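Participant: Sharing a model that was predicted from the sequence below.
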Amino acid sequence: MLNLYKLEIFATVVQTGSFSAAAERLLMTQPAVSQHIQDLEASLGARLFQRGRRGVTLTPAGETLHSYTQEILRLLAEAENAVTDVQHLASGQVTVAATPGVGVYRLPDWVHAFRQQYPNLSVAVETSTTPHIIAGLRSRKMDVGFVEGELDEAEPDGVGVLELETNEQFVVVGPKHPWWGRTSVRLEDLAGKSMVMRQRNSQTRIWLDNELQVAGVSVIVAAEFDNVESIKRAVAKGKDIAILPDYAVRSELEMQMLRAVSIEGKPLLRTLKLVWSRSAFFTPVTRRFLRFLVRYLPALEKIGE
């Protein structure tokens, strides 16, 4: 009789490509993982993996078992979602990763509203870079991610991508800047201007550098910061400019500490996306969290019940 626990270990070895990586993800020792696979192979009388110096690959028997295992785990997740009454769970958690803009300025409000309706459930939020989030989804350390960073591919291998909304990026200035009274500027007007930017290895910086290069606009990089709050403070106190979405400066706009100036003609746009591992299955809590967020992000309707 096949053992579900051993099948889950088997599936993890397949996904990670090695016993050691599977052991790390499962918080087990490598010998323990190896023993479970050996037990599974003995019970089936078939070799499931070819062992190599760079990891393991499936044998024909392993390919067949993996196909059935995926279907078994899918049905198990489907059954759990169909029966679980999230409203009456004693506890539960969804782990969400997000790039800095949405993680700092939007998710806190969403999480607060979610907790008001589901006080027994919790949301763990990690703010990180797009590449780190994609890696975290593949290693199952995160349930879902919200990213504004551009992906290397339309849909990275094994990762689902759903575009949620497009956000305009504004030229942000402080009271000392000559553009304080302006409502709009052309992208070409940024040429030669002193700008505060994100660090060079961030997706936001890579995106902005590319947009400026395509437009033939060269700016002076006055300072680089690894977070939006520092950028805002620097701009508010000086005569430099920054490119930010309006939701990141909403409070400062209300207090007239900063002003958001639109870009005429071809505004700078970035797309917020939901990303998740296609080899994982949404838990009932994760699914309910996403359904709750439809009120803020209608495109999440496409995820379905």
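Facilitator: Structure's in. What do you need?

Participant: Every contact and neighbour count from this point should use C-alpha atoms.
Facilitator: Will do.

Participant: So which bits of the longest helix seen in the chain are buried?
Facilitator: Longest helix of the chain, by residue count under DSSP state H: helix 60-83. Neighbour-count burial for helix 60-83 flags 62, 65, 66, 69, 70, 73, 74, 77, 81 (criterion: 16 or more other Cα atoms under 10 Å).

Participant: before we move on, what about stretch 246-263?
Facilitator: Neighbour-count burial for stretch 246-263 flags 246, 248, 249, 252, 253, 257, 258, 259, 260, 261, 262, 263 (criterion: 16+ other Cα under 10 Å).

Participant: for the fifth one, what are its contacts?
Facilitator: In this structure, residue 253 makes contact with 259, 260, judged by Cα atoms under 8 Å, 6 or more residues apart in numbering.

Participant: Let me know the pLDDT of residue 291.
Facilitator: On pLDDT, residue 291 comes in at 92.

Participant: tell me the secondary structure for it?
Facilitator: Going by DSSP: H, G, I helix; E, B strand; the rest coil, the secondary structure assigned to residue 291 is helix.

Participant: Correct me if wrong: it contacts residue 299.
Facilitator: No: in this structure, residue 291 is not within contact of residue 299 by Cα atoms under 8 Å, at 10.4 Å.

Participant: Between these two, which contacts overlap?
Facilitator: Common contact partners of residue 291 and residue 299 (Cα under 8 Å, 6+ apart): none.

Participant: in what helix or strand does the spatially closest residue to residue 163 that is not a sequence neighbour lie?
Facilitator: Leaving aside its sequence neighbours, residue 163 sits nearest to residue 273 (Cα to Cα, 6 or more residues apart in numbering; 4.4 Å). Element membership for residue 273, per DSSP states H and E: strand 268-277.

Participant: For that strand, could you pull out the residues that count as buried?
Facilitator: 268, 270, 272, 273, 274, 275, 276, 277.

Participant: do the same with stretch 218-235
Facilitator: Buried, per 16+ other Cα under 10 Å, within stretch 218-235: 228, 231, 232, 234, 235.
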